[in-house]
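K.L.:
sequence and predicted model, in that order:
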Amino acid sequence: MSDPDRRARSNRRLLIVLALAVAPPVVLVLGPFRDRFFPPRAGELQALARVAAPRLDEAAVRELAGARLGDAAVAELARDAGSGRWEALAARLAALPRDLVTPGLMYLHGVAALQSKRPAAALAGLDAARRADDPGLSHEAGFALAQAFLMLERREPALALLRELAASPGARRAEAAAQLAALERRP
């Protein structure tokens, strides 16, 4: 048998082996398990999310930070927030010593992560801020956490939070009720 014939037969065998190795997973992903890999109506929940940056001037950042954080650090945080440098703000907040971190700063970190399109990074801080003793901060953090869940396509936790917010007094009550109604209309 000549050398070109051996190569051709070897190439055909290789193609058959590759086809047998690749075809079953492709058939499963495109067939019976399609919804697991490609959820129907993906992005619909993300479209409901309302991620707007709150007013974050130096006075607002000072209120969130509390008295333990120095004036220079507060000014840097306010400067990053005011200029829309959300990644820098999140990094600066993540670098703070734990003993200086307040629920307000956890909320601020969550907002920075949401603005940076990183909702998974926002979850822990927003959840901690939501459990704070300050009702206003708790309400704002809860609403931001619901937006993070929507961005992550996590319907059930978003529904639970929006129901809670729509039933409680707070600045975001009407927005939460409207979002809840829109979310409940979707299957």
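P.N.:
Perfect, thanks for sending it. From a predicted model like this one, the values you see are computed outputs, not experimental measurements.
K.L.:
read off the pLDDT value for the nearest residue to Asp127 once chain neighbours are set aside.
P.N.:
The shortest distance from Asp127 to any non-neighbouring residue, by CB to CB, 6 or more residues apart in numbering, is to Leu145 (6.0 Å). C-beta here means a position set from N, CA and C on the backbone, and glycine is covered the same way. pLDDT, Leu145: 97.
K.L.:
what packs against whichever strand or helix holds Leu145?
P.N.:
Assigned by DSSP states H and E, Leu145 belongs to helix 135-151. Packing partners of helix 135-151 (3 or more CB pairs under 8 Å, 6 or more residues apart in numbering; DSSP states H and E): helix 44-48, helix 103-115, helix 119-130, helix 155-167, helix 173-185.
K.L.:
show me what contacts the residue nearest to Asp127?
P.N.:
If you count contacts by CB atoms under 8 Å, 6 or more residues apart in numbering, Leu145 has them with 110, 122-123, 126-127, 130, 161.
K.L.:
cutoff 7 Å now
P.N.:
The contact partners of Leu145, by CB atoms under 7 Å, 6 or more residues apart in numbering, come to 123, 126-127, 130, 161.
K.L.:
can you pick the most crowded of those residues?
P.N.:
Per-residue neighbour counts (other CB atoms under 10 Å) across these peak at Leu126, which has 29 neighbours.
K.L.:
gap between it and Ala53?
P.N.:
According to CB to CB, to the nearest Å, Leu126 stands 14 Å off from Ala53.
K.L.:
repeat that for Ala177.
P.N.:
Noted for Ala177: a distance of 22 Å to Ala53, by CB to CB.
K.L.:
so which residue is smack in the middle of the chain?
P.N.:
Centroid check for the chain by CA atoms, centre = their mean gives Pro119 as the closest residue, at 1.3 Å.
K.L.:
burial of Ala72, as a residue count?
P.N.:
Around Ala72 there are 8 other residues, counting by other CB under 10 Å.
K.L.:
out of the contacts of Leu145, who's nearest Arg62?
P.N.:
When the contacts of Leu145 are compared for distance to Arg62 (CB to CB), Leu126 wins out at 20.3 Å.
K.L.:
if we can go back for a sec, could you measure the residue nearest to Asp127 against Ala174, distance?
P.N.:
Distance, Leu145 to Ala174, by CB to CB: 18 Å.
K.L.:
and the closest residue in space to Leu165 that isn't next to it in sequence, what pLDDT?
P.N.:
Distances taken as CB to CB, 6+ apart place Ala176 nearest to Leu165, at 3.6 Å, with adjacent residues excluded. Note on Ala176: pLDDT of 94.
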